[in-house]
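Trainee: Dropping a prediction and its sequence here:
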Amino acid sequence: MFNAVHHRRLFATSARQGGRCVSKNGPLGSVLLSANLIIWHGPIIVRLAEIHTTLLIFGRSVEGSDWIRVMDELNREIARSLEATPELLPFLPKLLADVWALGSSVEIIVDLLRQVGINDSGRVFDVGCGKGAAAVSLAKENGCHVYGIDGFEPFIAEARTRARDAGVAELCTFECGDMREAVLHARDYDAVIYAAHSSELAGRPCVEVLRQCVRHGGYILIDDGFLADGVDSTPPGYEGLLPRDGIVAALTAHGDRVVREVTQSPETWHADENRIVDSIRRRAETLAVLHPQAAGPINEYVRLQEREYATLKAIHMPATWLLQRC
Ligand SMILES: C[S@@+](CC[C@H](N)C(=O)[O-])C[C@H]1O[C@@H](n2cnc3c(N)ncnc32)[C@H](O)[C@@H]1O
């Protein structure tokens, strides 16, 4: 799951310029926490927003009503990246309770960065880090200092707990915020990770934005996939899935070089995906009983995961690229 091609249009120029959220710096965590509260405790937050007509969000002044729009848009974006609807966000922590890596190939990421010497003095930026699976593993295995940002507060909370439990809390900084803004200001990292995502970072071609986050000679790690050999056409919604050569051409369009390319064995990928979909299905059964009013959307989510998996199995080859900024 989450290798969803429809939100992995990594190399296309986005036409969707509008609706970009929040600006740099500022109290990322608290504001995004509030953003999620909009869903869980909507009326309370709406009243608060009415009282505080102007709010400072990530260093940008936003009118109260605008604030709700900004946060709604971010929640939609987060939900979309997880193949859910905003209404389902409150249930996602439970639905995904047994899944740590939300699409990233953690072992491959750790191994690739180790191979190029990103270790205990390395500074790594994990963009849209989810529950911190790659970041915490990099800190634990390679001793890296990692900074992870994600817009979904429950994931950030879990990432911090995982870092503490793994004994690497001092190497990990996790913040709740909008990655589309964060990438515009991050600079001089030794490596940036972009795993299981959309291309639509701040409305610019993704690789062009990501490469600015690392120093010259630094690394850009893209965990994604390509159109499997022999597949001539893509189903609706998967048009962004390019053949391998098209992806490599886009990756290197700014003069960077591919240092490594790893394709996962389809068997390993299928086994992982199967396990994930099974765990979601089990969690959904319990949740639907506890929350009968939400049973429809919960079951629909499971159905979408199953369909997504079946489609990707037929057309997609998971792959990870390590680029060096030249
Ligand atoms: C498919 S998951 C991948 C997470 C992580 N890279 C992994 O593989 O475990 C996509 C993640 O992107 C986050 N996300 C989506 N849009 C975002 C945005 N605009 N700002 C911050 N996080 C965002 C979601 O909350 C979600 O955790």
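Mentor: Looks like it came in fine.

Trainee: With adjacent residues omitted, what lies nearest to whatever residue of the stretch 201-326 of the chain ends up closest to the ligand?
Mentor: Relative to the ligand, the nearest point of the stretch 201-326 of the chain is residue 223 (7.1 Å; Cβ to the nearest ligand atom). Any C-beta I mention is one placed from the backbone N, CA and C, and that applies to glycine too. Closest residue in space to residue 223, ignoring its immediate chain neighbours: residue 195 at 3.7 Å, by Cβ to Cβ, 6 or more residues apart in numbering.

Trainee: residues in contact with the residue of the stretch 201-326 of the chain closest to the ligand?
Mentor: Neighbouring residues of residue 223 by Cβ atoms under 8 Å, 6 or more residues apart in numbering: 103-105, 108-109, 193-196, 320.

Trainee: Report the two members of those residues separated by the largest distance.
Mentor: Largest separation among the contacts of residue 223 by Cβ to Cβ: 108 and 194, giving 13.6 Å.

Trainee: Looking at those two, which is more packed in?
Mentor: Neighbour comparison, residue 108 and residue 194: the larger count goes to residue 194, with 27 against 21 (by other Cβ atoms under 10 Å).

Trainee: you'd agree the more buried one is in a strand?
Mentor: Yes - applying DSSP: H, G, I helix; E, B strand; the rest coil, one finds residue 194 inside a strand.

Trainee: residues touching it, list them.
Mentor: 10, 127-128, 206, 210, 220-223.

Trainee: so does whatever helix or strand residue 323 lives in get close to the ligand?
Mentor: Per DSSP states H and E, residue 323 falls inside strand 316-324. No - judged by Cβ under 6 Å from any ligand atom, strand 316-324 and the ligand are separated, with a smallest distance of 11.4 Å.

Trainee: On the three-state scheme, residue 187 is what?
Mentor: coil.

Trainee: Just give the number of residues close to it.
Mentor: Neighbours of residue 187 (other Cβ under 10 Å): 10.

Trainee: Can you check the distance spanned by stretch 90-101, start to finish?
Mentor: Stretch 90-101 has an end-to-end distance of 19 Å (criterion: Cα to Cα, to the nearest Å).

Trainee: mind listing what the residue of the stretch 151-300 of the chain found nearest the ligand touches?
Mentor: Closest contact between the stretch 151-300 of the chain and the ligand, by Cβ to the nearest ligand atom, is at residue 151 (3.1 Å). Listed by Cβ under 8 Å, 6+ apart, the contact set of residue 151 reads 32, 35, 74-75, 77-78, 128, 176-179.

Trainee: Apart from its neighbours in sequence, what residue is nearest it?
Mentor: Setting aside the residues directly before and after it, residue 151 is nearest to residue 78 in space (Cβ to Cβ, 6+ apart), at 4.8 Å.

Trainee: Starting from residue 179, give me the distance back to the one you found.
Mentor: With distances taken as Cβ to Cβ, to the nearest Å, residue 78 is found 10 Å from residue 179.

Trainee: out of the two, which sits in the busier spot?
Mentor: For the pair residue 78 and residue 179, the greater number of neighbours falls to residue 179 (27 against 24), based on other Cβ under 10 Å.

Trainee: close enough to count as contact, the more buried one and residue 125?
Mentor: No - using Cβ atoms under 8 Å, residue 179 makes no contact with residue 125, being 9.8 Å away.

Trainee: okay, and the common contacts of these two?
Mentor: Common neighbours of residue 179 and residue 125 (Cβ under 8 Å, 6+ apart) are residue 149.

Trainee: you'd agree residue 126 is in a strand?
Mentor: Yes - judged by three-state DSSP, residue 126 forms part of a strand.

Trainee: Touching, it and residue 132? I think so.
Mentor: Yes - when contacts are counted by Cβ under 8 Å, residue 126 is listed as touching residue 132 (7.5 Å).

Trainee: Please identify which of these two sits among more neighbours.
Mentor: Using other Cβ under 10 Å, the more surrounded residue of residue 126 and residue 132 is residue 126, with 31 against 27.

Trainee: what about that one, distance to the ligand?
Mentor: To the ligand, residue 126 is 7 Å away according to Cβ to the nearest ligand atom, to the nearest Å.

Trainee: Test for you: state the pLDDT assigned to that residue.
Mentor: What the model reports as pLDDT for residue 126 is 98.
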